[in-house]
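> coords please:
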Amino acid sequence: MREIDPFFTFLWSARAEPRTIARARSMTDAITIACESPGLDGDAFAIVVTLPTFRRPEHLLKTLASLAAQRTARPFAVIVMENDAEGRAGLDAARPLFADGQLSGLVLIAHERGNCAAYNAGWQTALTRFPAMRHLLVIDDDEIADPDWIDRLVATSDRLDVDIVGGPQVPVFEDGASTRYARHPVFTPHYSETGAVPILYSSGNVAIRRKVLDTIGAPFLDTAFNFIGGGDSEFYTRCRQHGFSFGWCAEAPVLETTPARRTEFSWLNARGLRNGAISSIIERRQTSGRRNGLRRVAKSTALLAASPLRSAGLALRTRSPVIGLYHMQVAIGRLMAEFGWVNEQYRRPEQN
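Numbering: from 1, shown residues only. Presented below is the predicted three-dimensional model:
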């Protein structure tokens, strides 16, 4: 019965601060190049890996070590985007690796806080400092790349002839984290086989062709999503509208360190609500007008009505009532967002 207890606190914990998420497409110029590898030649690299970091210096070093250990003949550079302009622990940790040439590339400070702002700073710098870049890759500072990660992502992009390729983010649960929720939808990839796919949802393991960034233009990610997440999903939606294609490479995983906090009910609940809110916000941006607004509300209401049955099915398949709640959480999150209630899960990083 202990696992079922959260169900009775579900609706109460679904509360969130009321937020109106307006479009914020401007891009700050507050970017400082803090250090770079000696003799860095931007024309020498067709691949640039961008790596945002915020207050995870120890794990950042693990991520950078996995990049240094790549088994590839393709020259690549790395851009680390330090997003803690005050503390700069990531900059201090990464600087020696670039200063002595262990890695080619640079470390910058993205002074505007927020994950979208950090991505924008790194991607814009990649375009301007590396004119020969053909593919931009993304990895996060809580991930470790497979030794063949770069080769497989880029090769899949070329073989499938698609513009954006994603790969699985495989959770590695830290000590003290419960593994009973490993089959939760927030921890499982959307696709299981390599091939063309209709769209992607995460930027934590992806390769993007340069022409995509040139076409979309800066700011690439909308900074209105800085603290709720979902800026990557909204970016992919715009990419699809421009006719760009997507693929999946199941053989290019990254290992994502998952702290115990993310296996607690409060975090899983907040993530489900957030995912629902993001889908509603993105749909709202694609359609305007009172009639379309009523259609969205009707859709959200219908999803909410159907969610108990879907949740029951998920609970049976995973043998977990808590996992089963996910469809209900998403549906409630969608409806809450229609009335301006959005949970900014990234506003307090210590709780994420």
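> And the strands in the stretch 1-150 of the chain, which stretches?
Here the stretch 1-150 of the chain has its strands, by DSSP state E, counting those that start in this stretch, at 31-36, 47-53, 76-82, 105-110, 135-139, 143-145.
> Same check on the stretch 251-352 of the chain?
According to DSSP E, counting those that start in this stretch, the strands that the stretch 251-352 of the chain contains are 254-258.
> Low-confidence bits of it, can you list those?
In the predicted model, the stretch 251-352 of the chain carries pLDDT under 70 at residues 288-289, 293, 349-352.
> Walk me through the domains of the protein.
Listed by automatic domain parsing, the domain ranges of the chain are 2-21+262-351, 31-261.
> winner for burial among these?
domain 31-261 (a mean of 19; mean count of other CB atoms under 10 Å). Where you see a C-beta, it was placed from the backbone N, CA and C, and this is true even at glycine.
> now do the same end-to-end measure for it.
End-to-end distance for domain 31-261: 32 Å, by CA to CA, to the nearest Å.
> ok, of the domains of the chain, where does mean pLDDT dip lowest?
Set side by side, those differ in mean pLDDT, and domain 2-21+262-351 is lowest with a mean of 78.
> And that one, how far out from the chain middle?
18 Å (CA atoms, centre = their mean, to the nearest Å).
> now Val170: how far from Arg209?
Separation of Val170 from Arg209 (CB to CB, to the nearest Å): 25 Å.
> again but with Arg159, I slipped
Distance from Arg159 to Arg209, counting by CB to CB: 13 Å.
> Repeat that for Leu97.
The value you get for Leu97 to Arg209, if CB to CB is used, is 27 Å.
> just Val107 next, same as before
From Val107 to Arg209 the distance is 25 Å (CB to CB).
> hang on, Tyr236 is in a helix, isn't it?
Yes: secondary structure of Tyr236 (DSSP: H, G, I helix; E, B strand; the rest coil): part of a helix.
> Surely it and Pro198 touch.
No: with contact defined as CB atoms under 8 Å, Tyr236 and Pro198 do not form a contacting pair (10.0 Å).
> which neighbours do these two share?
The contact sets of Tyr236 and Pro198 overlap at Phe246 (CB atoms under 8 Å, 6 or more residues apart in numbering).
> For Ala218, pull up the helix or strand it's in.
Assessed by DSSP states H and E, Ala218 sits outside every helix and strand.
> Need phi/psi at it.
Main-chain dihedrals, Ala218, degrees, to the nearest 10: phi -80, psi 150.
> in terms of contact, does it touch Thr125 like I think?
No: the pair Ala218 / Thr125 is not scored as a contact, 10.4 Å apart, by CB under 8 Å.
> Once you drop chain neighbours, what's closest to Thr318?
Nearest non-adjacent residue to Thr318, counting by CB to CB, 6 or more residues apart in numbering: Arg183, 4.7 Å away.
> Actually, Cys249.
Take Cys249 and drop its neighbours on the chain: the residue closest to it by CB to CB, 6+ apart is Thr156, 4.0 Å away.
> give me every residue that touches that neighbour.
Listed by CB under 8 Å, 6+ apart, the contact set of Thr156 reads Val162, Val165, Thr194, Ala207, Gly247, Trp248, Cys249, Glu251, Ala252.
> Tell me which two in these are the farthest apart.
Val162 and Glu251 (15.1 Å; CB to CB).
> which other helices and strands contact the longest helix along the chain?
As assigned by DSSP state H, the longest helix anywhere in the chain is helix 290-318. Contact partners of helix 290-318 among helices and strands, from 3 or more CB pairs under 8 Å, 6 or more residues apart in numbering; DSSP states H and E: helix 265-286, helix 321-324, helix 326-338.
> now those helices as CSV including distance to Thr188?
Below are the helices and strands packed on helix 290-318 laid out as CSV (distance: least, CB to CB, whole Å):
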stretch, distance to Thr188
helix 265-286, 13
helix 321-324, 10
helix 326-338, 11
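> Out of those helices, flag the one nearest Ala298.
helix 326-338 (10.2 Å).
> How about residues contacting that closest one?
Outside helix 326-338, the residues that touch it by CB under 8 Å, 6+ apart are 10-11, 14, 16, 21, 184-186, 268-269, 272-281, 284, 293, 296-297, 300-301, 303-304, 306-308, 310-311, 314, 342-343.
> now the angle from it to helix 290-318?
Going by axes from the mean of the first three to the mean of the last three CA atoms, to 10 degrees, helix 326-338 is angled at 160 degrees with respect to helix 290-318.
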